[in-house]
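Q: can't give you the sequence, but here's the structure:
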């Protein structure tokens, strides 16, 4: 008997009897505000992210004046480094700023969703030192539960919520941005 | 109604005055409880250690002593929790079920059964830190729990609110366990004492003169810790306050 | 009079500290755009700083044939007061942050109930969901393996690596791989394993197990980390600045990530509907481990299954809030298939889970989503440290899981609890943890896995307490009362009750029984 057969046999034999129905999921609502964009920006900042009013060019000029290698994975902005899908990601390791576009945002947590098609190479969102993310303000949903009703999770092989930059407070609870991944995440509403 | 009084074993041994206060307090409400003389213990020490079989005879004795009453009142949340929720070593006859269901902790009895609305003979013009025993709090729902999102309520504080002059102080950790934990305090003495010391320092830092609780088991432990630390805290059972003690 | 359920607050408006000496002015932690202090992820609500370095207390002593002596290890932890205080306050702070998140969500208790019901349903139909998961994953091009136990898991992972000629493996945090002892196994077969989570990396370099399932080095002070990094990474031993230490780890680990042959992650959730799995981190190290090397292996316990993507709407809202009091992990990544040109493997692991499924009193422990909220609230855990349990899983969840892995060694753990019940209240999936701890005590007593002296003591107590005359005689004096009332007893009652700083109860002149008899229930005496 293979391990698979043995495990499934044990599981089937031991499953608790009794009705344990799968509950319907109620639709909860965000309390207190209908300003979904405002809430998104507030929560984005609470998670260590920030936003820039202006375009990507002015964002990079103001926030990353010393950036040398700027990669864009979207037609909205032209960087000076192309991102390729089928090469080893170590080629992305010297990118200072990566520019990409989120599929949508979530107001409840200040999160944005990045997917493989848009990133071209998934690792670019983690190897770049800084991330600039374009987000259509009309594509912000109120809550996480709304996000999980969307089709991205059924269509893409890789889809990741980013809620601010890479962070850790493993040492004495002192908050560090840029633990292993990006040191900053900046959203440009466009 | 026929009411019986159950005095926990440790109260019997160490805190006679609290038992007396409980008895006198109930008498103020025209409840004259009987005291089945052959009572001993609720079985918790054995059950708490996993030794249910060893608790059976004690539980049987409890049921024999307390069968036939309308209410059994116990000035201890932890004993009441044991009786209502864990007295299962004894065979569950109808008589056993009745005894278990009819056991009330003192605060519950005053608040939910007698529905007391005033204690006109009381006055306690002191700063009080109220301690909820964990079994009383999370086992028999004396009050709302800080971990849960629920409307705030507190049966013991509802009663203490009726005591003239009593001022409540706020701890840094409102309902963290004090470390008594039954046999825990003996088999894990290091953590137990550290928890107790932290607890009494919290009472003191809050400005308490008195620590009041509906469970003296916790207070015996906390008192021992406070004395060692030289903290001038005084410990009183809620029965004593509600019965009219001024200090 | 105020209803005292609100914690007392210090002058900075935050819940008061027990150890006010830990307050620091600024820890130079990351700030928001307006310069405001941020508290997401594991960050403390206010800067806490321990002033003086002291040696780090080490974990429980492991003996081949003896149960873990938790009290002994706890003593050494508490005898390192700087470590103990910081540990206690940091984790209590995470509990307070969690409460803050809870109060902001009106449907919080409903979410917990939903999460519990979804998990119960999944476990009751686990066989079907596992098969559905596998079918979907295979259809998406993922290789699916099955391992009955930890050893088989390690062998499977090794053979996948060997097939690819992989010698260096980077990985993100996975309690399952701790359970299987994977790092030790790989060391034995010459595969280099590099932990990428900062806390896990610290522990790996220090040759110590993680002490907390979410914050692996929470028991360490920055001085301890500086020591480890100085020895193992060649950093400046006098520099314990946290930014410096974190940056050093980032810079030194990055090349290892770029050159790794394979990457490994765990999974927080495995979704049957789509054959995908979800990995949540704050650092993004799971995403690096998965997306940089050409080979990604995910180790997944079979209990991680949930039915639908939509169910994540419940669990993701609860996970980070319960664990860290932060609304979401910085990264919540959904893997549904390999990248083009890369390979993805899943190893589904049983290791005792299917057996536990069949235990009526304990199967609900399989609902666990490994958030660590129970550890953060546990007053015993906070004061003794995760390493004092000597097991992969510590704290309340550990007490109910570990005896299954090694009944004898972990037979003492269910007694390292006061049964206060706080853990069950913070559990996002409503595991009745404290009730299972209680049930384990009964099970261990019945199988004679508790100490013979304790058992003998309980037998004697049971005899005395069931005999009214014997009982009344026994409690007649304080000293004999202390001997017979098991709440206060060990072989040497004075030693245990008093040695660590607690006074004996005062003797009384007469017991309640004696008073009642003498005064006819107070009717013949005005007391």
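A: Cool, the structure landed. Keep in mind it's a predicted model, so treat the numbers as computed, not measured.

Q: which strands and helices sit next to the lengthiest helix in chain B?
A: Counting by DSSP state H, the longest helix found in chain B is helix B:189-205. When contacts are defined as 3 or more CB pairs under 8 Å, 6 or more residues apart in numbering or on different chains; DSSP states H and E, helix B:189-205 packs onto strand B:127-131, helix B:184-187, helix B:216-229, helix C:70-78, helix C:379-384. Placement of C-beta: from N, CA and C, glycine included.

Q: so where do the helices sit in chain B?
A: Under DSSP H, chain B gives helices at B:9-14, B:16-28, B:44-48, B:56-66, B:77-81, B:94-101, B:106-108, B:134, B:155-160, B:184-187, B:189-205, B:216-229, B:238-242.

Q: for residue C:430, which of the ones you listed is the nearest?
A: Of all the helices of chain B, helix B:134 sits nearest to residue C:430, with 18.2 Å by CB to CB.

Q: that closest one and chain C in contact?
A: Yes: contact of helix B:134 with chain C (CB under 8 Å from any CB of the partner chain) involves residue B:134.

Q: what are the contacting residues of that helix?
A: Applying CB atoms under 8 Å, 6 or more residues apart in numbering or on different chains, the external contacts of helix B:134 come out as B:175, B:177, C:418-422.

Q: which of those residues sits closest to residue C:440?
A: When the contacts of helix B:134 are ranked by distance to residue C:440 (CB to CB), residue C:419 comes first, at 11.1 Å.

Q: buried sites along the helix ranked longest in chain C?
A: Determined from DSSP H, the single longest helix within chain C is helix C:81-103. By neighbour count with 16 or more other CB atoms under 10 Å in any protein chain shown, helix C:81-103 contains the buried residues C:82-99, C:101-102.

Q: so how far is that helix off the chain centroid?
A: 14 Å (CA atoms, centre = their mean, to the nearest Å).

Q: ok, now stretch C:400-407?
A: Relative to its chain's centre, stretch C:400-407 lies at 14 Å (CA atoms, centre = their mean).

Q: that stretch close to chain A?
A: No: if you take CB under 8 Å from any CB as the test, stretch C:400-407 misses chain A, and the best it gets is 13.2 Å.

Q: is that stretch up against chain B anywhere?
A: No: for stretch C:400-407, no contact with chain B is found by CB under 8 Å from any CB; the gap never falls below 11.8 Å.

Q: for that stretch, which positions count as buried?
A: C:400-405.

Q: could you dump those into a markdown table with pLDDT and distance to residue B:220 added?
A: Below are the buried residues of stretch C:400-407 laid out as a markdown table (pLDDT from 0 to 100; distance: CB to CB, whole Å):
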| residue | pLDDT | distance to residue B:220 |
| --- | --- | --- |
| C:400 | 98 | 29 |
| C:401 | 97 | 33 |
| C:402 | 97 | 32 |
| C:403 | 96 | 31 |
| C:404 | 94 | 36 |
| C:405 | 93 | 37 |
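
Q: nearest to chain B, of those?
A: Nearest to chain B, judged by CB to the nearest CB, of the buried residues of stretch C:400-407 is residue C:403 at 11.8 Å.

Q: would you double-check that residue C:297 falls in a helix?
A: No: assessed by DSSP: H, G, I helix; E, B strand; the rest coil, residue C:297 does not belong to a helix; its assignment is strand.

Q: pretty sure it contacts residue C:267?
A: No: look at residue C:297 against residue C:267 with CB atoms under 8 Å: they stay out of range, at 11.0 Å.

Q: can you pull out the low-pLDDT segments for chain A?
A: Along chain A, the model assigns pLDDT under 70 to no residue.

Q: how many other residues sit next to residue 56?
A: I'll assume chain A. Look at residue A:56: counted by other CB atoms under 10 Å in any protein chain shown, it has 23 neighbours.

Q: please go with chain C instead
A: 21.

Q: against residue B:223, how distant is it?
A: Noted for residue C:56: a distance of 34 Å to residue B:223, by CB to CB, to the nearest Å.

Q: and the strands in the stretch 51-200 of chain C?
A: Here the stretch 51-200 of chain C has its strands, by DSSP state E, counting those that start in this stretch, at C:143-147, C:168-171, C:192-195.

Q: the first one packs against which elements?
A: Judged by 3+ CB pairs under 8 Å, 6+ apart, the packing partners of strand C:143-147 are helix A:3-14, helix C:126-139, helix C:150-163, strand C:343-349.

Q: how does it look with 10 Å?
A: On a contact count with 3 or more CB pairs under 10 Å, 6 or more residues apart in numbering or on different chains; DSSP states H and E, strand C:143-147 meets helix A:3-14, helix C:126-139, helix C:150-163, strand C:295-301, strand C:343-349.

Q: pipe those into CSV and attach distance to residue A:26 per row.
A: Shown next, in CSV, are these (distance: least, CB to CB, whole Å):
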stretch, distance to residue A:26
helix A:3-14, 30
helix C:126-139, 22
helix C:150-163, 38
strand C:295-301, 29
strand C:343-349, 31
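
Q: isn't residue C:219 up against residue C:375?
A: No: contact between residue C:219 and residue C:375 fails when scored by CB atoms under 10 Å: they sit 11.3 Å apart.

Q: mutual contacts of the two, please.
A: Common neighbours of residue C:219 and residue C:375, using CB atoms under 10 Å, 6 or more residues apart in numbering or on different chains, are C:91, C:211-212, C:386.

Q: and chain B, what are its domain boundaries?
A: For chain B, the structural domains run B:3-113, B:127-242, going by automatic domain parsing.

Q: once you drop chain neighbours, what's closest to residue 16?
A: Answering for chain A, as no chain was given. residue C:124 (5.2 Å; CB to CB, 6 or more residues apart in numbering or on different chains).

Q: wait, chain C was what I had in mind.
A: Looking at residue C:16 with CB to CB, 6+ apart, the closest residue is residue B:172, at 3.6 Å.

Q: likewise for residue C:79?
A: Closest to residue C:79 by CB to CB, 6+ apart is residue C:57, at 7.2 Å.

Q: just checking, the one you found touches residue C:76?
A: Yes: the pair residue C:57 / residue C:76 is scored as a contact, 4.5 Å apart, by CB under 10 Å.

Q: overlap in contacts of the two?
A: Common neighbours of residue C:57 and residue C:76 (CB under 10 Å, 6+ apart) are C:83-84, C:384-385, C:387-388.

Q: and stretch A:103-118, end to end?
A: 8 Å (CA to CA, to the nearest Å).

Q: perfect, I'm done here.
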